[in-house]
Structures are given as structure tokens and as C-alpha cells.
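S.K.: Give the three-dimensional model of this entry:
(one chain, ligands or ions: 2)
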Amino acid sequence: MSGIEQARKTAEGLAYSTGFGNEHSSEAVPGALPIGRNTPQRAPLGLYAEQLSGSAFTEPRAHNRRSWLYRIRPSAAHPPFVRTDNGAVRSAPFTETVPDPNRLRWDPLPDPAPGTDFLAGLWTLGGNGDATQRTGMAVHLYHADSSMERVFSDSDGELLIVPERGALLVRTELGMLRAAPGEVALIPRGVRFRVELLDATARGYVCENYGRPFVLPDLGPIGANGLANARDFRAPVAAYEDDGDAGRPVEVVNKFCGNLWSATYDHSPLDVVAWHGNHVPYVYDLRRFNVIGSISYDHPDPSVFTVLTSPSDTPGLAGVDFVVFAPRWLVGEDTFRPPYFHRNVMSEYMGLIEGAYDAKSAGKGGFVAGGGSLHNMMSAHGPDRETFDRASAAELKPQKIDDGLAFMFETRWPVTATGQAAGAGHLQRGYDDVWEGLSRNFRP
Ligand SMILES: O=C(O)Cc1cc(O)ccc1O
Ligand SMILES: [Fe+2]
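M.R.: Ligands and ions are numbered 1, 2, ... in the order given. Next comes the predicted model:
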């Protein structure tokens with residue numbers, strides 16, 4: 001059986017524990033999870049107890065995040081990490097280019113060189129903030145044709161993985177997740193994981209969130225239900241790798257304050273037999289998103305499409321929001337239905353998982369799946385000319401938008417491109433032209 005077939009067989013039978021932000025618990029071997037205490041004098045079955053903290057010990061209960069892991073070897077037993085090649089990974093602060101007020105758009109990444117795993121194929125587009133201050137975010141893309149054999153963890157932030165092509169099997173310390181295009185997977189800060197490919201190639205986007213962990217947005221007058229529902233988030237159940245007494249060499253790569261560091265362990269660190277807690281990875285199917293929109297007139301702001309938000313200390317002001325443009329009905333009367341022209345104090349990176357986006361043409365050289373656009377703070381954007389002309393003249397019958405899945409990472413600070421993104425061959429030259437020819441129609 002090929003590696004891909006084996007991984008697919010494993011992924012098919014995955015079990016999950018549901019809910020968002022709740023306390024989960026799981027044991028892969030009966031009796032592995034201590035009952036009634038976290039650190040018994042001797043943990044069950046000869047395991048080592050370890051706490052993994054995603055928040056300061058003293059943060060309010062509503063923000064407090066930690067998981068207790070019961071593992072075959074303690075994480076502390078490892079050789080020194082040494083710097084390794086950062087590849088195409090860049091981190092905040094982003095200083096390779098100056099922040100650009102222009103609208104920018106990229107075609108998809110070119111195919112990866114043979115033998116590229118998820119980590120080698122991680123390519124940073126840009127970002128903001130400072131990884132050492134736990135502020136801001138980075139936009140990465142990835143392309144891969146090989147499963148990781150090494151293990152990765154990110155001390156700088158949580159990783160929201162948005163597959164666009166190819167399903168992934170993500171083996172984490174807390175268990176396995178399957179994430180296919182249309183789903184998103186989140187790996188919390190510090191959790192070690194390995195990405196295996198379930199298809200021949202994989203491609204997608206990653207939001208690295210240096211700031212406060214993503215949570216579900218408040219619903220206000222929407223009420224107790226809607227948008228992304230908590231019960232549709234799936235955390236893994238415990239699953240562990242046991243290399244026996246002899247062990248085996250496993251490379252572990254850690255992203256720390258912007259650089260990659262590597263150590264070769266004598267065993268797999270994915271050796272957690274039982275765990276409980278709320279600092280957990282999860283997967284969410286974007287097709288489960290309950291879309292709320294206008295049923296009278298006008299185009300609502302896209303904040304109604306927020307799946308996850310990373311709050312700042314200012315109420316309503318997110319470090320970064322993850323927003324999805326999912327299939328929905330448009331029924332607005334006397335309304336220009338696609339996104340309006342606008343200039344936004346927040347900065348918008350948009351990607352396309354499949355099909356088309358209702359503000360942009362999707363043809364070659366347009367906004368295509370795997371590509372992305374960056375509309376930085378206050379930059380003027382909105383429907384391209386083709387969309388404006390079509391939507392201004394359209395007959396306003398109820399209309400189902402179900403030919404695409406787009407998303408946005410919307411962030412409070414401008415996104416500064418990396419040198420490789422600003423100079424990329426796949427940066428579209430002449431993006432401004434999509435707004436050319438919007439004719440003067442003023443007839444006083
Ligand atoms: O620019 C975009 O396409 C994203 C967007 C969508 C929308 O429906 C309203 C505002 C907005 O920024
Ligand atoms: Fe916008």
C-alpha cells in the first residue's frame with residue numbers, strides 16, 4: 001500500500017470530540033488519563049504528565065487555555081536546537097519592503113519542486129506586528145507534493161490552515177485531523193504536528209496569528225445561534241506514536257521568534273497517550289457556516305461572515321478576523337448586491353478556495369483559486385468594472401451564489417509584503433486595470 005493510500009485509510013476512520021473552547025478529554029489506552037487530579041505521584045501506565053499553556057496561568061477563566069498531556073517521554077528530554085534554514089518562511093516584524101498602498105494581486109504559487117513537504121513549501125507573503133510581542137499576523141501560502149516526516153511546532157502563534165487543493169492528514173500531539181479543501185484546521189501555539197498528504201499534491205493558505213487565540217465572534221442581536229456554530233468544531237481524540245524502547249531519530253523543527261530551529265529527537269514527540277484541556281487543535285467545515293445576510297436591502301458589511309476572530313484589548317477591534325464568503329442567497333431589493341466600493345481602515349488579504357468571487361472576474365489573470373489579493377489599509381477597492389456593469393444592470397430576482405468559496409484574513413494593521421512576494425513572478429502586473437473604464441455617468 002502506498003504512503004498516500006495508508007494515510008487515507010487512517011484518515012477515513014477518524015474520530016473527533018466536538019465543541020469550541022470547551023474542555024475535552026481523551027485517552028487512547030483505557031486508564032491512561034488520571035482521574036481527579038492532574039499530577040498524581042505516578043501518572044497512570046508509567047506516563048509523564050506535562051502541562052502545555054496557551055495563556056498565562058492567571059488570565060481570566062474565560063481566556064485561560066491549557067492542556068494536560070500524558071506522554072511516553074517527557075518533552076523536556078531533548079538535545080539542543082540549532083538554527084536551520086528558514087526556507088521561504090518570514091516573520092514579523094516585516095521589514096524587507098515598505099508597506100505598499102497599492103492594490104496587489106497574485107496568481108497561485110508555481111508547482112513545488114519534487115520532494116517538497118508542507119514546511120519546505122511554506123512561503124510567506126507578508127504580515128504585521130511582532131512575533132516576539134505576540135502581536136499581529138502573517139499570511140503564508142503552501143504547496144507540497146510530499147508528506148512531512150519531520151515534526152513542526154510554532155512558538156510564535158497559532159496556525160489556521162486553509163487547504164485549497166489536496167486533503168491533509170494532520171497528526172498532532174493531541175491526535176489526528178483530516179482537513180480537505182472547504183475545511184480549515186487550526187494548530188494552537190506550540191502544539192507539535194506533522195502534515196501528511198492524502199492526495200498527490202497540496203496547496204493552500206495559512207494565517208499565522210501571533211495575537212490572542214481565535215475565538216468565535218459574539219453574536220449580539222443575531223441571538224444564541226448562527227454563523228459558525230460551536231458544535232461543528234471537531235477536536236481530535238488521543239492517538240500516539242510509540243517507537244518502542246529503541247526509539248528512532250525524528251527531526252523536530254520549531255519556529256521561534258521568526259527563525260526555524262531543528263533538533264533530532266530519539267523518538268517521536270507525538271507520543272501523547274491521553275490528554276485533557278482546552279488548548280486543542282480543531283477542524284471546521286466551512287460549508288457548515290450559517291450565513292446571515294440582508295433580507296431587505298443593502299449589502300451588509302462582511303463582518304457578518306466572521307468565522308473566527310482574534311480579539312484585541314479594544315472591544316470590536318480584531319488583531320485578525322477569518323471571514324468566509326460561503327454559498328448564500330441574495331434577495332436585496334433596489335440594491336447593488338456585490339461588495340460595494342470601499343476604503344477600509346482594516347487591511348484585507350483575500351484568497352479563493354474554489355470557483356469565483358462575486359466582486360471579481362475569475363478568468364485567467366483574474367482572481368483565481370489559489371491566488372490572493374491584498375487591499376491594504378485605506379486602499380480603494382471593490383467590484384471590478386465587469387462586475388459593476390453586470391450588477392448595476394441585473395434583474396433583481398432572488399439569486400443563489402453557490403459557485404465559489406472565498407475567504408478573507410482581515411487585520412487591524414497594514415500587511416507588509418515580503419521581498420519574495422513583492423518581487424514574485426506570479427504577482428499580477430496591472431491589477432489596477434480591473435477598475436479601468438468605470439465610465440463617468442454623472443448627468444446633473
Ligand atoms: O473587498 C472585498 O471584496 C471584501 C469585502 C466584501 C464585502 O462583502 C464587503 C466589504 C469587503 O471589504
Ligand atoms: Fe474589501
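S.K.: What about Gly258, how many residues nearby?
M.R.: Using other C-beta atoms under 10 Å, Gly258 has 17 neighbouring residues. Yep, even glycine has a C-beta here, placed from its N, CA and C like the rest.
S.K.: What does it show for phi and psi?
M.R.: phi 100, psi -10 (degrees, to the nearest 10).
S.K.: who are the neighbours in contact with it?
M.R.: Asn86, Arg90, Ser91, Ala92, Ala131, Thr132, Asp156 (C-beta atoms under 8 Å, 6 or more residues apart in numbering).
S.K.: Then Val29?
M.R.: Here Val29 is in contact with Leu45, Val273, Ala274 (C-beta under 8 Å, 6+ apart).
S.K.: The first one and Val280, how far apart?
M.R.: Counting by C-beta to C-beta, to the nearest Å, the gap from Leu45 to Val280 is 22 Å.
S.K.: Looking at the two, which one has more neighbours?
M.R.: Set side by side, Leu45 and Val280 show more neighbours around Val280, with 30 against 15, by other C-beta under 10 Å.
S.K.: For that one, identify the helix or strand it belongs to.
M.R.: Using DSSP states H and E, Val280 sits in no helix or strand.
S.K.: And for it, nearest residue in space, chain neighbours not counted?
M.R.: Ala235 (4.4 Å; C-beta to C-beta, 6 or more residues apart in numbering).
S.K.: pretty sure the one you found is touching Thr18, no?
M.R.: Yes: at 7.5 Å, Ala235 and Thr18 qualify as touching, with contact defined as C-beta atoms under 8 Å.
S.K.: and those two? which has more neighbours close in?
M.R.: Per other C-beta under 10 Å, whichever of Ala235 and Thr18 has more neighbours is Ala235, with 24 against 13.
S.K.: partners of the more buried one in the sheet?
M.R.: Ser17 (DSSP bridges).
S.K.: can you tell me how far it sits from ligand 1?
M.R.: 30 Å (C-beta to the nearest ligand atom, to the nearest Å).
S.K.: From Ala185, how far out is that residue?
M.R.: Applying C-beta to C-beta to Ala235 and Ala185 gives a distance of 11 Å.
S.K.: what is in contact with the two at once?
M.R.: Shared contacts of Ala235 and Ala185, counting by C-beta under 8 Å, 6+ apart, come down to Pro281, Tyr282.
S.K.: which of the contacts of Val29 lies closest to ligand 1?
M.R.: Ala274 (43.3 Å; C-beta to the nearest ligand atom).
S.K.: Give the other helices and strands that the one helix or strand the closest one maps to contacts.
M.R.: Using DSSP H and E, Ala274 falls within strand 272-277. Contacts defined by 3 or more C-beta pairs under 8 Å, 6 or more residues apart in numbering; DSSP states H and E place strand 272-277 against strand 24-27, strand 66-71.
S.K.: could you redo the last one with a cut-off of 10 Å?
M.R.: Secondary-structure packing of strand 272-277 (3 or more C-beta pairs under 10 Å, 6 or more residues apart in numbering; DSSP states H and E): strand 24-27, strand 48-53, strand 66-71, strand 234-236.
S.K.: got the contact list for the next helix or strand after that strand?
M.R.: Once strand 272-277 ends, the next helix or strand along the chain (criterion: DSSP H and E) is strand 282-285. Contacts to strand 282-285, defined as C-beta atoms under 10 Å, 6 or more residues apart in numbering, come from residues 14, 16-21, 24, 160-161, 168, 170, 174, 176-180, 182-188, 214, 228-229, 232-236, 307-308, 322, 324.
S.K.: In the stretch 151-300 of the chain, what residue lies closest to ligand 1?
M.R.: Proximity of the stretch 151-300 of the chain to ligand 1 (C-beta to the nearest ligand atom) peaks at His299, 6.0 Å away.
S.K.: Got the phi and psi for the nearest residue to that residue once chain neighbours are set aside?
M.R.: Excluding its sequence neighbours, the residue lying closest to His299 (C-beta to C-beta, 6+ apart) is Tyr340, at 5.5 Å. Note on Tyr340: its backbone torsions stand at phi -80, psi 170 [degrees, to the nearest 10].
S.K.: Could I get the contacting residues of Tyr340?
M.R.: Asp298, His299, Asp301, Ala359, Gly382, Pro383.
S.K.: try 8 Å this time
M.R.: Contacts of Tyr340 (C-beta under 8 Å, 6+ apart): His299, Gly382, Pro383.
S.K.: need the contact list for Arg192.
M.R.: Applying C-beta under 8 Å, 6+ apart to Arg192 gives the contacts Val151, Phe152, Ser153, Thr172, Glu173, Val252, Pro269, Leu270.
S.K.: Can you lay out the residues you listed as JSON lines showing neighbour count and secondary structure?
M.R.: Output for the contacts of Arg192, formatted as JSON lines (neighbours: other C-beta atoms under 10 Å; DSSP: H, G, I helix; E, B strand; the rest coil):
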{"residue": "Val151", "neighbour count": "23", "secondary structure": "strand"}
{"residue": "Phe152", "neighbour count": "23", "secondary structure": "strand"}
{"residue": "Ser153", "neighbour count": "21", "secondary structure": "strand"}
{"residue": "Thr172", "neighbour count": "24", "secondary structure": "strand"}
{"residue": "Glu173", "neighbour count": "31", "secondary structure": "coil"}
{"residue": "Val252", "neighbour count": "22", "secondary structure": "strand"}
{"residue": "Pro269", "neighbour count": "22", "secondary structure": "coil"}
{"residue": "Leu270", "neighbour count": "23", "secondary structure": "coil"}
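S.K.: who in the stretch 251-400 of the chain is up against ligand 1?
M.R.: Within the stretch 251-400 of the chain, the positions near ligand 1 by C-beta under 6 Å from any ligand atom are His299, Asp301, Pro302, Pro339, His342, Asn344, Glu348, Ala359, His375, His381.
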